[in-house]
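Q: here's my sequence, what's the structure:
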Amino acid sequence: MYTVKKDKVKRNYEFTYLLPGGYTQTEIDKTKSEIEALVKKFAGKLLDTQEWGKKALSFKIKKNKLIHNEALYHYLELEFEPKSILGFEKAVNLMPQVIRHLLVLAEVKK
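A: Numbering: from 1, shown residues only. A predicted model of the protein is given here:
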């Protein structure tokens, strides 16, 4: 499990998530708005967003009794207080439409 420092400094995070490759644009937009709502709910700030498109997966992912061979990749740059990021990630884990995600602390730019 993660350890969270008790400071109130905001940190930047990189968040990549995968949606099923067969999603329609309506389903994609709905999921994007749900994730943006979660960012606001946990007092975060959306700094940048990118859609990397549909790509074949190097291995099959089974989620919700379905097997996925390809996925739609989305990348976000976020700003959160460290105490809020755990709640955000837990909420994303509970989203059935997100088949995989990765949340990392962004590298400090000098």
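
Q: tell me what H74 is bridged to.
A: H74 forms beta bridges with Y17, E51, as assigned by DSSP bridges.

Q: Y17 versus that one, what's the distance?
A: Plainly put, H74 is 5 Å away from Y17 if you go by C-beta to C-beta, to the nearest Å. For the C-beta atoms, the positions are set from N, CA and C on the backbone; glycine is no exception.

Q: same thing with W52?
A: W52 is 11 Å from Y17, by C-beta to C-beta.

Q: who touches both of these two?
A: Y73, H74 (C-beta atoms under 8 Å, 6 or more residues apart in numbering).

Q: confirm that E27 sits in a helix.
A: Yes: according to DSSP: H, G, I helix; E, B strand; the rest coil, E27 belongs to a helix.

Q: check contacts around it.
A: E27 neighbours (C-beta under 8 Å, 6+ apart): L19, Q97.

Q: ditto for Y13
A: Counted by C-beta under 8 Å, 6+ apart, Y13 has contacts E77, L78, E79, F80, I85, L103, V104, L105, A106.

Q: what segments of this structure are strands?
A: Assigned by DSSP state E, the strands in the chain fall at 11-20, 45-63, 66-80, 100-105.

Q: now do the second one, average pLDDT.
A: When the per-residue pLDDT values of strand 45-63 are averaged, the result is 92.

Q: with the last one instead?
A: When the per-residue pLDDT values of strand 100-105 are averaged, the result is 93.
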